[in-house]
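Peer 1: Based on what follows, work out the 3D shape:
(one chain, ligands or ions: 1)
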Amino acid sequence: MITGKNYIGNTLKANGNITHKTINPKLNIENPIPFYEATDEEIDEAVQLAWDAFKNYRKVSGQKRAEFLNTIADEILALDQELIDTYTTESGLPEGRAKGERGRTVSQLRAFADLVTKEDWRENSFDAANPDREPFPKDDLRRTSIPLGPVVVFGASNFPLAFSTAGGDTASALASGCPVIVKVHEMHSGTAELVASAIIKAAEKTGMPNGVFSNIMGRGKIVGAALVQHPKVKAVGFTGSISGGRALFDIAAKREEPIPVFAEMGSINPVIITPNAIENRAEEIASTYAGSITLGTGQFCTNPGLILTINSAKTQKFIIDLAQKTVAIDAQCMLHPNIKNGFVENSKSVSSQNGAEVVDEITDTVEANYAATQITTVSGKDFLKNPKLHKEVFGPFSLVVTAKDEAELIDIINGLEGQLTGTILAEKEDYANLHDIVDALESRVGRIIFNGVPTGVEVCPSMQHGGPYPASTDSRFTAVGTNAIKRWVRPVSYQSFPNELLPEALKTK
Ligand code: NAP
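Peer 2: Next up, the predicted model:
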(Lines give C-alpha, C1' and ligand atoms only; values in the text may rest on other atoms or scores of the structure.)
Protein backbone atom coordinates (compact mmCIF):
# COMPACT_ATOMS: atom_id res chain seq x y z
CA MET A 1 0.00 0.00 0.00
CA ILE A 2 1.25 3.47 -0.86
CA THR A 3 1.18 5.84 2.14
CA GLY A 4 2.79 9.00 0.70
CA LYS A 5 5.39 8.94 3.50
CA ASN A 6 9.19 8.96 3.51
CA TYR A 7 11.19 5.97 4.72
CA ILE A 8 13.58 7.35 7.32
CA GLY A 9 15.54 4.16 7.73
CA ASN A 10 12.95 1.46 8.41
CA THR A 11 10.26 3.89 9.64
CA LEU A 12 7.60 5.66 7.57
CA LYS A 13 7.44 9.36 8.49
CA ALA A 14 5.63 12.43 7.20
CA ASN A 15 6.18 15.29 9.65
CA GLY A 16 6.14 18.05 7.04
CA ASN A 17 3.24 19.85 5.42
CA ILE A 18 4.49 20.32 1.86
CA THR A 19 2.98 17.74 -0.49
CA HIS A 20 3.03 16.91 -4.18
CA LYS A 21 1.06 14.54 -6.38
CA THR A 22 2.22 12.47 -9.32
CA ILE A 23 0.65 12.87 -12.75
CA ASN A 24 -0.92 10.35 -15.06
CA PRO A 25 0.56 11.75 -18.28
CA LYS A 26 -1.71 9.69 -20.56
CA LEU A 27 -4.88 11.06 -18.99
CA ASN A 28 -3.21 14.38 -18.05
CA ILE A 29 -4.67 14.24 -14.55
CA GLU A 30 -3.15 14.18 -11.07
CA ASN A 31 -3.04 10.83 -9.30
CA PRO A 32 -4.90 10.99 -5.96
CA ILE A 33 -2.24 10.24 -3.29
CA PRO A 34 -0.38 13.22 -1.75
CA PHE A 35 3.32 12.64 -1.05
CA TYR A 36 5.10 14.43 1.77
CA GLU A 37 8.32 16.37 1.33
CA ALA A 38 10.87 15.38 3.99
CA THR A 39 11.56 18.02 6.65
CA ASP A 40 15.10 19.19 7.54
CA GLU A 41 14.91 17.01 10.67
CA GLU A 42 13.85 13.94 8.67
CA ILE A 43 16.68 14.51 6.18
CA ASP A 44 19.19 14.82 9.00
CA GLU A 45 17.81 11.73 10.75
CA ALA A 46 18.06 9.65 7.53
CA VAL A 47 21.69 10.68 7.01
CA GLN A 48 22.58 10.12 10.68
CA LEU A 49 21.02 6.64 10.53
CA ALA A 50 22.96 5.91 7.33
CA TRP A 51 26.17 7.08 9.00
CA ASP A 52 25.57 4.85 12.02
CA ALA A 53 24.56 1.91 9.80
CA PHE A 54 27.76 2.36 7.76
CA LYS A 55 29.94 1.43 10.75
CA ASN A 56 28.44 -2.10 10.66
CA TYR A 57 27.35 -2.40 7.05
CA ARG A 58 30.84 -1.78 5.66
CA LYS A 59 31.98 -4.89 7.52
CA VAL A 60 29.04 -7.13 6.50
CA SER A 61 30.43 -10.03 4.44
CA GLY A 62 30.03 -10.14 0.66
CA GLN A 63 27.91 -13.27 1.09
CA LYS A 64 25.47 -11.43 3.41
CA ARG A 65 25.33 -8.36 1.16
CA ALA A 66 24.55 -10.69 -1.76
CA GLU A 67 21.72 -12.24 0.27
CA PHE A 68 20.37 -8.71 0.94
CA LEU A 69 20.49 -7.78 -2.78
CA ASN A 70 18.87 -11.05 -3.88
CA THR A 71 16.12 -10.59 -1.27
CA ILE A 72 15.46 -7.05 -2.57
CA ALA A 73 15.03 -8.61 -6.04
CA ASP A 74 12.59 -11.21 -4.64
CA GLU A 75 10.61 -8.55 -2.76
CA ILE A 76 10.35 -6.37 -5.89
CA LEU A 77 8.93 -9.33 -7.82
CA ALA A 78 6.50 -9.97 -4.94
CA LEU A 79 5.04 -6.46 -5.43
CA ASP A 80 3.63 -7.96 -8.62
CA GLN A 81 0.82 -6.10 -10.45
CA GLU A 82 0.56 -3.22 -7.94
CA LEU A 83 4.07 -2.15 -8.96
CA ILE A 84 3.37 -2.52 -12.69
CA ASP A 85 0.10 -0.56 -12.44
CA THR A 86 1.68 2.22 -10.38
CA TYR A 87 4.61 2.45 -12.81
CA THR A 88 2.38 2.74 -15.89
CA THR A 89 0.02 5.22 -14.21
CA GLU A 90 2.88 7.49 -13.15
CA SER A 91 5.03 7.30 -16.29
CA GLY A 92 2.71 6.82 -19.26
CA LEU A 93 4.99 3.95 -20.33
CA PRO A 94 3.31 0.70 -21.45
CA GLU A 95 2.97 -2.45 -19.32
CA GLY A 96 5.47 -4.37 -21.49
CA ARG A 97 8.13 -1.75 -20.79
CA ALA A 98 7.29 -1.83 -17.06
CA LYS A 99 7.79 -5.58 -16.94
CA GLY A 100 10.96 -5.42 -19.05
CA GLU A 101 12.41 -2.74 -16.79
CA ARG A 102 11.46 -4.69 -13.68
CA GLY A 103 13.31 -7.69 -15.17
CA ARG A 104 16.37 -5.56 -15.76
CA THR A 105 16.23 -4.10 -12.24
CA VAL A 106 16.03 -7.56 -10.70
CA SER A 107 18.85 -8.92 -12.87
CA GLN A 108 21.06 -5.92 -12.01
CA LEU A 109 20.54 -6.62 -8.30
CA ARG A 110 21.39 -10.29 -8.84
CA ALA A 111 24.45 -9.41 -10.96
CA PHE A 112 25.85 -7.25 -8.14
CA ALA A 113 24.98 -10.01 -5.66
CA ASP A 114 27.06 -12.46 -7.73
CA LEU A 115 29.88 -9.96 -8.01
CA VAL A 116 30.31 -9.39 -4.28
CA THR A 117 30.24 -13.05 -3.27
CA LYS A 118 33.86 -13.05 -4.51
CA GLU A 119 36.57 -10.53 -3.67
CA ASP A 120 37.95 -9.99 -7.21
CA TRP A 121 35.99 -6.76 -7.75
CA ARG A 122 38.09 -5.04 -5.07
CA GLU A 123 41.22 -5.58 -7.20
CA ASN A 124 43.21 -6.58 -4.13
CA SER A 125 46.95 -6.60 -4.66
CA PHE A 126 49.84 -8.04 -2.67
CA ASP A 127 53.51 -7.01 -2.74
CA ALA A 128 55.71 -9.22 -0.61
CA ALA A 129 58.37 -7.73 1.66
CA ASN A 130 61.98 -7.96 0.60
CA PRO A 131 64.18 -7.22 3.64
CA ASP A 132 67.34 -7.88 1.61
CA ARG A 133 66.66 -5.34 -1.14
CA GLU A 134 69.49 -2.80 -1.69
CA PRO A 135 69.89 0.06 -0.97
CA PHE A 136 66.62 -0.04 1.08
CA PRO A 137 64.57 -3.02 2.23
CA LYS A 138 61.04 -3.28 0.81
CA ASP A 139 58.05 -3.45 3.18
CA ASP A 140 55.08 -5.79 2.80
CA LEU A 141 52.29 -3.83 1.02
CA ARG A 142 48.71 -4.93 0.40
CA ARG A 143 45.96 -2.91 -1.20
CA THR A 144 42.17 -3.24 -1.31
CA SER A 145 39.08 -1.07 -1.93
CA ILE A 146 36.81 0.12 0.85
CA PRO A 147 33.35 1.76 0.67
CA LEU A 148 33.13 5.58 0.82
CA GLY A 149 30.16 5.98 3.19
CA PRO A 150 26.52 7.07 2.76
CA VAL A 151 25.60 7.63 -0.91
CA VAL A 152 22.72 9.81 -2.16
CA VAL A 153 21.05 8.50 -5.33
CA PHE A 154 18.77 10.72 -7.42
CA GLY A 155 16.01 8.69 -9.12
CA ALA A 156 15.89 9.18 -12.91
CA SER A 157 12.60 10.18 -14.54
CA ASN A 158 13.19 8.04 -17.62
CA PHE A 159 13.87 4.77 -15.77
CA PRO A 160 11.39 4.62 -12.85
CA LEU A 161 12.79 1.21 -11.87
CA ALA A 162 16.17 0.44 -13.44
CA PHE A 163 17.70 3.85 -12.62
CA SER A 164 15.69 4.82 -9.58
CA THR A 165 15.02 3.51 -6.08
CA ALA A 166 16.58 0.03 -6.50
CA GLY A 167 18.26 0.78 -9.83
CA GLY A 168 21.86 0.45 -10.92
CA ASP A 169 23.21 3.23 -8.67
CA THR A 170 21.51 1.87 -5.54
CA ALA A 171 22.37 -1.76 -6.33
CA SER A 172 26.04 -0.98 -6.95
CA ALA A 173 26.36 1.26 -3.87
CA LEU A 174 24.68 -1.29 -1.55
CA ALA A 175 26.85 -4.03 -3.08
CA SER A 176 30.00 -2.03 -2.29
CA GLY A 177 29.07 -1.64 1.39
CA CYS A 178 27.65 1.92 1.25
CA PRO A 179 24.24 2.79 2.77
CA VAL A 180 21.94 4.58 0.29
CA ILE A 181 19.55 7.49 0.65
CA VAL A 182 17.36 7.88 -2.43
CA LYS A 183 16.05 11.30 -3.43
CA VAL A 184 12.92 10.24 -5.28
CA HIS A 185 12.01 11.71 -8.66
CA GLU A 186 8.75 13.41 -7.66
CA MET A 187 6.91 12.16 -10.73
CA HIS A 188 7.42 8.53 -9.63
CA SER A 189 6.80 8.85 -5.92
CA GLY A 190 4.34 5.92 -5.73
CA THR A 191 6.61 3.56 -7.70
CA ALA A 192 9.51 4.69 -5.52
CA GLU A 193 7.65 4.05 -2.25
CA LEU A 194 6.64 0.54 -3.33
CA VAL A 195 10.22 -0.34 -4.30
CA ALA A 196 11.51 1.27 -1.09
CA SER A 197 9.14 -0.96 0.92
CA ALA A 198 10.71 -3.98 -0.84
CA ILE A 199 14.21 -2.81 0.12
CA ILE A 200 13.19 -2.20 3.75
CA LYS A 201 11.54 -5.66 3.96
CA ALA A 202 14.70 -7.23 2.53
CA ALA A 203 16.90 -5.29 4.98
CA GLU A 204 14.79 -6.51 7.92
CA LYS A 205 14.64 -10.11 6.67
CA THR A 206 18.42 -10.32 6.16
CA GLY A 207 19.34 -8.46 9.37
CA MET A 208 20.83 -5.32 7.82
CA PRO A 209 21.26 -2.31 10.11
CA ASN A 210 18.46 0.26 10.29
CA GLY A 211 19.54 3.19 8.07
CA VAL A 212 21.16 1.07 5.36
CA PHE A 213 18.43 2.52 3.14
CA SER A 214 16.15 5.58 3.26
CA ASN A 215 13.70 6.96 0.70
CA ILE A 216 13.27 10.72 0.75
CA MET A 217 10.86 12.90 -1.22
CA GLY A 218 10.84 16.58 -2.01
CA ARG A 219 12.05 19.27 -4.35
CA GLY A 220 15.53 18.88 -5.81
CA LYS A 221 16.64 22.40 -5.02
CA ILE A 222 15.57 22.03 -1.36
CA VAL A 223 15.74 18.38 -0.32
CA GLY A 224 18.23 17.23 -2.99
CA ALA A 225 20.58 20.13 -2.25
CA ALA A 226 20.33 19.56 1.55
CA LEU A 227 21.26 15.89 1.11
CA VAL A 228 24.28 16.68 -1.08
CA GLN A 229 25.42 19.36 1.39
CA HIS A 230 25.13 17.09 4.42
CA PRO A 231 28.65 16.49 5.83
CA LYS A 232 27.94 12.79 6.45
CA VAL A 233 27.06 12.10 2.80
CA LYS A 234 30.15 10.88 0.94
CA ALA A 235 29.11 10.45 -2.73
CA VAL A 236 26.23 11.12 -5.14
CA GLY A 237 24.74 9.23 -8.11
CA PHE A 238 22.53 11.13 -10.57
CA THR A 239 20.81 10.62 -13.95
CA GLY A 240 18.97 13.51 -15.56
CA SER A 241 19.47 16.92 -17.10
CA ILE A 242 22.79 18.71 -17.55
CA SER A 243 21.50 21.65 -15.50
CA GLY A 244 20.43 19.40 -12.59
CA GLY A 245 23.58 17.27 -12.61
CA ARG A 246 25.84 20.29 -12.89
CA ALA A 247 24.03 22.12 -10.06
CA LEU A 248 24.55 19.13 -7.74
CA PHE A 249 28.17 18.72 -8.87
CA ASP A 250 28.82 22.40 -8.02
CA ILE A 251 27.12 22.08 -4.61
CA ALA A 252 29.29 19.05 -3.83
CA ALA A 253 32.46 20.82 -4.98
CA LYS A 254 31.74 23.84 -2.73
CA ARG A 255 31.35 21.77 0.44
CA GLU A 256 34.07 22.09 3.05
CA GLU A 257 34.84 18.46 2.19
CA PRO A 258 34.08 18.11 -1.55
CA ILE A 259 32.62 14.74 -2.55
CA PRO A 260 32.35 12.94 -5.91
CA VAL A 261 29.14 13.33 -7.93
CA PHE A 262 28.71 10.68 -10.60
CA ALA A 263 26.19 12.39 -12.85
CA GLU A 264 25.08 10.90 -16.14
CA MET A 265 23.53 13.69 -18.16
CA GLY A 266 22.84 14.86 -21.70
CA SER A 267 23.95 13.15 -24.90
CA ILE A 268 23.00 13.36 -28.59
CA ASN A 269 24.81 10.12 -29.53
CA PRO A 270 26.16 10.76 -33.05
CA VAL A 271 25.56 8.08 -35.69
CA ILE A 272 27.89 8.13 -38.71
CA ILE A 273 26.57 6.56 -41.89
CA THR A 274 29.06 6.03 -44.71
CA PRO A 275 28.05 6.61 -48.37
CA ASN A 276 28.53 2.87 -49.01
CA ALA A 277 26.09 1.98 -46.23
CA ILE A 278 23.53 4.37 -47.73
CA GLU A 279 24.19 2.92 -51.19
CA ASN A 280 23.70 -0.70 -50.05
CA ARG A 281 21.03 -0.61 -47.34
CA ALA A 282 19.41 2.81 -47.02
CA GLU A 283 15.91 1.39 -46.54
CA GLU A 284 16.94 -1.08 -43.85
CA ILE A 285 18.83 1.67 -41.96
CA ALA A 286 15.83 4.01 -42.23
CA SER A 287 13.48 1.36 -40.76
CA THR A 288 15.86 0.40 -37.96
CA TYR A 289 16.56 4.00 -37.01
CA ALA A 290 12.87 5.02 -37.16
CA GLY A 291 12.41 2.40 -34.42
CA SER A 292 15.45 3.52 -32.42
CA ILE A 293 14.58 7.25 -32.55
CA THR A 294 11.02 6.63 -31.29
CA LEU A 295 11.79 3.82 -28.80
CA GLY A 296 10.42 4.77 -25.37
CA THR A 297 9.20 8.06 -26.95
CA GLY A 298 12.86 8.91 -27.53
CA GLN A 299 13.37 9.26 -23.77
CA PHE A 300 16.62 7.32 -23.56
CA CYS A 301 19.98 8.86 -22.76
CA THR A 302 21.33 6.84 -25.74
CA ASN A 303 18.70 8.08 -28.19
CA PRO A 304 20.29 8.71 -31.64
CA GLY A 305 19.76 12.49 -31.71
CA LEU A 306 22.38 13.28 -34.36
CA ILE A 307 22.90 11.46 -37.66
CA LEU A 308 26.00 12.40 -39.65
CA THR A 309 26.10 11.70 -43.39
CA ILE A 310 27.96 12.88 -46.48
CA ASN A 311 25.72 14.76 -48.88
CA SER A 312 24.59 13.24 -52.19
CA ALA A 313 21.34 12.62 -54.08
CA LYS A 314 21.12 9.18 -52.42
CA THR A 315 21.67 10.72 -48.97
CA GLN A 316 18.84 13.21 -49.59
CA LYS A 317 16.53 10.33 -50.60
CA PHE A 318 17.56 8.42 -47.46
CA ILE A 319 16.79 11.42 -45.24
CA ILE A 320 13.27 11.73 -46.65
CA ASP A 321 12.67 7.99 -46.23
CA LEU A 322 14.01 8.02 -42.65
CA ALA A 323 11.80 11.00 -41.78
CA GLN A 324 8.68 9.44 -43.30
CA LYS A 325 9.25 6.10 -41.58
CA THR A 326 9.91 7.78 -38.23
CA VAL A 327 6.91 10.06 -38.40
CA ALA A 328 4.68 7.15 -39.52
CA ILE A 329 5.08 5.62 -36.04
CA ASP A 330 2.15 6.71 -33.84
CA ALA A 331 2.74 9.58 -31.43
CA GLN A 332 3.47 8.28 -27.93
CA CYS A 333 3.11 9.66 -24.42
CA MET A 334 6.02 11.39 -22.65
CA LEU A 335 6.97 10.87 -19.01
CA HIS A 336 5.61 14.07 -17.55
CA PRO A 337 4.47 17.55 -18.63
CA ASN A 338 7.88 19.19 -17.99
CA ILE A 339 9.58 16.70 -20.32
CA LYS A 340 6.89 17.34 -22.96
CA ASN A 341 7.36 21.11 -22.60
CA GLY A 342 11.14 20.70 -22.86
CA PHE A 343 10.71 18.59 -26.00
CA VAL A 344 8.48 21.20 -27.70
CA GLU A 345 10.81 24.06 -26.74
CA ASN A 346 14.07 22.28 -27.70
CA SER A 347 12.83 20.80 -30.99
CA LYS A 348 11.52 24.27 -31.97
CA SER A 349 14.81 25.85 -31.00
CA VAL A 350 16.90 23.44 -33.12
CA SER A 351 14.63 23.51 -36.16
CA SER A 352 14.46 27.32 -36.17
CA GLN A 353 18.23 27.79 -36.40
CA ASN A 354 19.79 29.17 -39.60
CA GLY A 355 19.88 26.53 -42.35
CA ALA A 356 17.86 23.93 -40.37
CA GLU A 357 14.87 22.47 -42.18
CA VAL A 358 12.16 20.14 -40.84
CA VAL A 359 12.08 17.12 -43.17
CA ASP A 360 8.94 15.62 -41.66
CA GLU A 361 7.01 15.81 -38.41
CA ILE A 362 3.70 14.74 -36.91
CA THR A 363 1.46 17.67 -37.75
CA ASP A 364 -1.86 16.29 -36.43
CA THR A 365 -2.76 17.62 -33.02
CA VAL A 366 -1.34 15.27 -30.39
CA GLU A 367 -2.83 14.68 -26.94
CA ALA A 368 -1.56 16.76 -24.01
CA ASN A 369 1.63 14.90 -23.05
CA TYR A 370 2.20 13.13 -26.36
CA ALA A 371 5.18 14.02 -28.55
CA ALA A 372 5.00 15.13 -32.18
CA THR A 373 7.98 13.25 -33.65
CA GLN A 374 10.26 15.34 -35.84
CA ILE A 375 13.24 14.81 -38.16
CA THR A 376 15.21 17.93 -39.09
CA THR A 377 18.19 18.37 -41.37
CA VAL A 378 21.03 20.89 -41.70
CA SER A 379 24.27 21.19 -43.67
CA GLY A 380 27.62 20.34 -42.09
CA LYS A 381 28.73 23.96 -42.55
CA ASP A 382 25.76 25.38 -40.62
CA PHE A 383 26.07 22.71 -37.91
CA LEU A 384 29.76 23.46 -37.39
CA LYS A 385 29.25 27.14 -36.72
CA ASN A 386 26.18 26.97 -34.48
CA PRO A 387 26.41 25.32 -31.01
CA LYS A 388 22.61 25.71 -30.57
CA LEU A 389 22.27 22.88 -33.10
CA HIS A 390 24.33 20.60 -30.83
CA LYS A 391 21.77 20.71 -27.97
CA GLU A 392 19.99 17.57 -26.79
CA VAL A 393 16.32 17.37 -27.76
CA PHE A 394 15.08 14.77 -25.27
CA GLY A 395 12.33 12.86 -27.11
CA PRO A 396 11.55 11.41 -30.57
CA PHE A 397 13.75 13.77 -32.59
CA SER A 398 16.87 13.48 -34.67
CA LEU A 399 18.94 16.03 -36.56
CA VAL A 400 20.46 14.70 -39.80
CA VAL A 401 23.61 16.60 -40.80
CA THR A 402 24.88 16.47 -44.38
CA ALA A 403 28.62 17.08 -44.46
CA LYS A 404 30.25 18.01 -47.75
CA ASP A 405 33.01 15.41 -47.38
CA GLU A 406 34.74 13.13 -44.87
CA ALA A 407 37.08 15.90 -43.66
CA GLU A 408 34.08 18.04 -42.68
CA LEU A 409 32.44 15.03 -41.03
CA ILE A 410 35.53 14.49 -38.87
CA ASP A 411 35.62 18.22 -38.00
CA ILE A 412 32.01 17.84 -36.83
CA ILE A 413 32.85 14.87 -34.59
CA ASN A 414 35.85 16.73 -33.14
CA GLY A 415 33.64 19.75 -32.38
CA LEU A 416 31.03 17.78 -30.43
CA GLU A 417 30.72 17.84 -26.65
CA GLY A 418 31.35 14.56 -24.80
CA GLN A 419 28.83 11.82 -25.58
CA LEU A 420 27.71 8.51 -24.11
CA THR A 421 27.84 6.73 -27.46
CA GLY A 422 28.90 7.03 -31.09
CA THR A 423 27.75 4.64 -33.82
CA ILE A 424 29.28 3.74 -37.17
CA LEU A 425 27.16 2.26 -39.94
CA ALA A 426 29.58 1.06 -42.62
CA GLU A 427 30.33 -1.65 -45.17
CA LYS A 428 33.30 -3.99 -45.39
CA GLU A 429 34.87 -1.90 -48.16
CA ASP A 430 34.91 1.10 -45.76
CA TYR A 431 37.01 -0.60 -43.07
CA ALA A 432 40.41 0.55 -44.38
CA ASN A 433 39.26 4.21 -44.31
CA LEU A 434 37.50 4.23 -40.96
CA HIS A 435 40.52 4.73 -38.67
CA ASP A 436 40.20 8.54 -38.55
CA ILE A 437 36.51 8.33 -37.70
CA VAL A 438 37.17 5.74 -34.97
CA ASP A 439 39.99 7.93 -33.55
CA ALA A 440 37.75 11.00 -33.53
CA LEU A 441 34.91 9.10 -31.87
CA GLU A 442 37.20 7.56 -29.23
CA SER A 443 38.08 11.03 -28.00
CA ARG A 444 34.42 12.10 -27.73
CA VAL A 445 32.42 9.08 -26.52
CA GLY A 446 32.29 6.24 -23.97
CA ARG A 447 30.94 3.46 -26.20
CA ILE A 448 31.33 2.96 -29.96
CA ILE A 449 28.74 0.76 -31.71
CA PHE A 450 29.41 -0.81 -35.08
CA ASN A 451 26.45 -1.49 -37.41
CA GLY A 452 23.87 -1.35 -34.65
CA VAL A 453 21.78 1.14 -32.67
CA PRO A 454 22.87 2.98 -29.50
CA THR A 455 19.57 2.35 -27.67
CA GLY A 456 19.66 -0.80 -25.54
CA VAL A 457 22.41 -0.87 -22.91
CA GLU A 458 23.59 -4.35 -21.92
CA VAL A 459 24.35 -4.86 -18.22
CA CYS A 460 27.70 -6.66 -18.22
CA PRO A 461 31.33 -6.10 -17.19
CA SER A 462 32.41 -4.76 -20.60
CA MET A 463 29.71 -2.07 -20.76
CA GLN A 464 30.83 1.56 -20.54
CA HIS A 465 27.97 3.96 -19.87
CA GLY A 466 29.53 7.35 -19.31
CA GLY A 467 31.61 9.66 -21.45
CA PRO A 468 33.51 12.94 -21.47
CA TYR A 469 31.60 15.91 -19.96
CA PRO A 470 28.70 16.65 -20.25
CA ALA A 471 27.74 13.02 -20.96
CA SER A 472 28.97 12.37 -17.43
CA THR A 473 30.94 14.19 -14.75
CA ASP A 474 33.65 11.53 -14.59
CA SER A 475 34.38 9.66 -17.82
CA ARG A 476 36.61 7.15 -16.01
CA PHE A 477 33.59 5.38 -14.55
CA THR A 478 30.47 3.63 -15.83
CA ALA A 479 26.90 3.92 -14.52
CA VAL A 480 25.83 0.59 -16.07
CA GLY A 481 27.34 -2.86 -15.64
CA THR A 482 29.17 -4.41 -12.74
CA ASN A 483 32.10 -1.98 -12.97
CA ALA A 484 29.67 0.69 -11.71
CA ILE A 485 30.58 -0.51 -8.19
CA LYS A 486 34.00 1.19 -8.52
CA ARG A 487 32.36 4.62 -8.13
CA TRP A 488 31.60 3.96 -4.48
CA VAL A 489 34.95 2.70 -3.18
CA ARG A 490 38.44 4.04 -2.65
CA PRO A 491 41.76 2.20 -2.43
CA VAL A 492 43.61 1.77 0.87
CA SER A 493 47.12 0.32 1.26
CA TYR A 494 48.30 -1.50 4.39
CA GLN A 495 52.04 -1.42 4.95
CA SER A 496 53.90 -3.89 7.20
CA PHE A 497 50.60 -4.84 8.87
CA PRO A 498 50.18 -7.66 11.39
CA ASN A 499 48.10 -10.40 9.79
CA GLU A 500 45.34 -10.26 12.42
CA LEU A 501 44.68 -6.55 11.80
CA LEU A 502 44.37 -6.84 8.02
CA PRO A 503 40.96 -6.95 6.29
CA GLU A 504 39.89 -10.60 5.83
CA ALA A 505 40.63 -10.71 2.10
CA LEU A 506 44.17 -9.39 2.56
CA LYS A 507 45.20 -11.84 5.29
CA THR A 508 47.79 -14.52 4.65
CA LYS A 509 45.81 -17.72 5.21
P1 NAP B 1 16.10 16.73 -13.94
O2 NAP B 1 15.30 17.96 -14.11
O3 NAP B 1 17.56 16.86 -14.09
O4 NAP B 1 15.74 16.12 -12.51
C5 NAP B 1 16.38 14.96 -12.00
C6 NAP B 1 16.43 15.06 -10.48
O7 NAP B 1 17.35 16.09 -10.09
C8 NAP B 1 15.09 15.44 -9.85
O9 NAP B 1 14.98 14.78 -8.62
C10 NAP B 1 15.23 16.93 -9.64
O11 NAP B 1 14.41 17.40 -8.60
C12 NAP B 1 16.70 17.08 -9.30
N13 NAP B 1 17.22 18.38 -9.70
C14 NAP B 1 17.09 18.98 -10.90
N15 NAP B 1 17.68 20.19 -10.90
C16 NAP B 1 18.21 20.35 -9.66
C17 NAP B 1 18.94 21.40 -9.03
N18 NAP B 1 19.25 22.52 -9.69
N19 NAP B 1 19.32 21.24 -7.76
C20 NAP B 1 19.00 20.12 -7.07
N21 NAP B 1 18.30 19.09 -7.61
C22 NAP B 1 17.91 19.21 -8.89
O23 NAP B 1 15.65 15.62 -14.96
P24 NAP B 1 14.21 15.11 -15.40
O25 NAP B 1 13.11 15.66 -14.58
O26 NAP B 1 14.38 13.68 -15.43
O27 NAP B 1 14.05 15.59 -16.89
C28 NAP B 1 14.27 16.92 -17.31
C29 NAP B 1 15.16 16.91 -18.53
O30 NAP B 1 16.38 16.23 -18.24
C31 NAP B 1 14.62 16.15 -19.73
O32 NAP B 1 13.73 16.89 -20.49
C33 NAP B 1 15.88 15.81 -20.46
O34 NAP B 1 16.29 16.89 -21.26
C35 NAP B 1 16.89 15.59 -19.39
N36 NAP B 1 17.12 14.16 -19.10
C37 NAP B 1 18.18 13.56 -19.66
C38 NAP B 1 18.44 12.24 -19.39
C39 NAP B 1 19.62 11.57 -19.98
O40 NAP B 1 19.87 10.43 -19.60
N41 NAP B 1 20.34 12.18 -20.87
C42 NAP B 1 17.61 11.49 -18.56
C43 NAP B 1 16.51 12.13 -17.99
C44 NAP B 1 16.29 13.47 -18.27
P45 NAP B 1 13.13 18.29 -9.02
O46 NAP B 1 12.27 17.39 -9.83
O47 NAP B 1 12.54 18.73 -7.76
O48 NAP B 1 13.71 19.44 -9.83
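Peer 1: Mind telling me what element the residue of the stretch 251-400 of the chain found nearest the ligand is part of?
Peer 2: In the stretch 251-400 of the chain, no residue comes nearer to the ligand than Cys301, which is 2.7 Å away by Cβ to the nearest ligand atom. (Each C-beta comes from the backbone N, C-alpha and C, glycine too.) Using DSSP states H and E, Cys301 sits in no helix or strand.
Peer 1: Make sure it is actually in contact with Gly446.
Peer 2: No: contact criterion Cβ atoms under 8 Å: Cys301 and Gly446 do not qualify, at 11.0 Å.
Peer 1: Now for those two: what residues contact both?
Peer 2: Leu420 (Cβ atoms under 8 Å, 6 or more residues apart in numbering).
Peer 1: So the closest residue to His188 other than its chain neighbours: helix, strand or coil?
Peer 2: In space, His188 comes closest to Pro160 once its chain neighbours are excluded; the distance is 4.3 Å by Cβ to Cβ, 6 or more residues apart in numbering. Recorded secondary structure, Pro160: coil (DSSP: H, G, I helix; E, B strand; the rest coil).
Peer 1: any idea of the pLDDT on Pro160?
Peer 2: Listed pLDDT for Pro160 reads 98.
Peer 1: The ligand contacts on the stretch 151-300 of the chain?
Peer 2: Residues of the stretch 151-300 of the chain found near the ligand (Cβ under 6 Å from any ligand atom) are 154, 156-158, 183, 185-186, 219-221, 224-225, 239-241, 244, 247-248, 264-267.
Peer 1: can you pull out the strands in the stretch 1-150 of the chain?
Peer 2: For the stretch 1-150 of the chain, strands defined by DSSP state E, counting those that start in this stretch occupy the ranges 6-8, 11-13, 19-20, 23-24, 29-30, 35-36, 125-127, 141-147.
Peer 1: Actually, the stretch 201-350 of the chain.
Peer 2: Using DSSP E, counting those that start in this stretch, strands in the stretch 201-350 of the chain cover 213-216, 235-239, 261-264, 270-273, 306-310.
Peer 1: Give the buried residues for the first one.
Peer 2: Yep, that's strand 213-216 we're talking about. For strand 213-216, the neighbour count (16 or more other Cβ atoms under 10 Å) marks Phe213, Ser214, Asn215, Ile216 as buried.
Peer 1: The ligand: which of those is nearest?
Peer 2: Ile216 (10.4 Å).
Peer 1: OK, contacts around that closest one?
Peer 2: 6-8, 38, 42-43, 46, 181-184, 223, 227.
Peer 1: next one: Glu279
Peer 2: Lys314.
Peer 1: Below-threshold pLDDT in the stretch 401-509 of the chain: ranges please.
Peer 2: Counting by pLDDT under 70, the stretch 401-509 of the chain contains no low-confidence range.
Peer 1: Now, of the residues of the stretch 151-300 of the chain next to the ligand, which are buried?
Peer 2: Of those, these count as buried by 16+ other Cβ under 10 Å: 154, 156-158, 183, 185-186, 220, 224, 239-241, 244, 247-248, 264-267.
Peer 1: The protein - how does it break down into domains?
Peer 2: Domain ranges of the chain: 6-15+29-265+472-506, 270-450, per automatic domain parsing.
Peer 1: just so I know, which of the ones you listed lies nearest Glu458?
Peer 2: Proximity to Glu458 (Cβ to Cβ) singles out domain 6-15+29-265+472-506 among these, at 7.6 Å.
Peer 1: how distant is that closest one from the center of its chain?
Peer 2: 13 Å (Cα atoms, centre = their mean, to the nearest Å).
Peer 1: end to end, how far does it reach?
Peer 2: End-to-end distance for domain 6-15+29-265+472-506, by Cα to Cα, to the nearest Å: 40 Å.
Peer 1: what does stretch 437-455 give?
Peer 2: End residues of stretch 437-455 are separated by 21 Å (Cα to Cα).
Peer 1: Give me the contacts around it.
Peer 2: Outside stretch 437-455, the residues touching it (Cβ under 8 Å, 6+ apart) are 269-272, 288-289, 291-292, 295-296, 300, 302-304, 406, 409-410, 413-414, 416-426, 463-468, 471-472, 475, 478.
Peer 1: what do you get for stretch 86-98?
Peer 2: 2, 22-26, 31, 83-84, 101-102, 160-161, 187-191, 194, 296, 333-336, 369.
Peer 1: Can you give me the neighbour number for Thr206?
Peer 2: If you count neighbours by other Cβ atoms under 10 Å, Thr206 ends up with 18.
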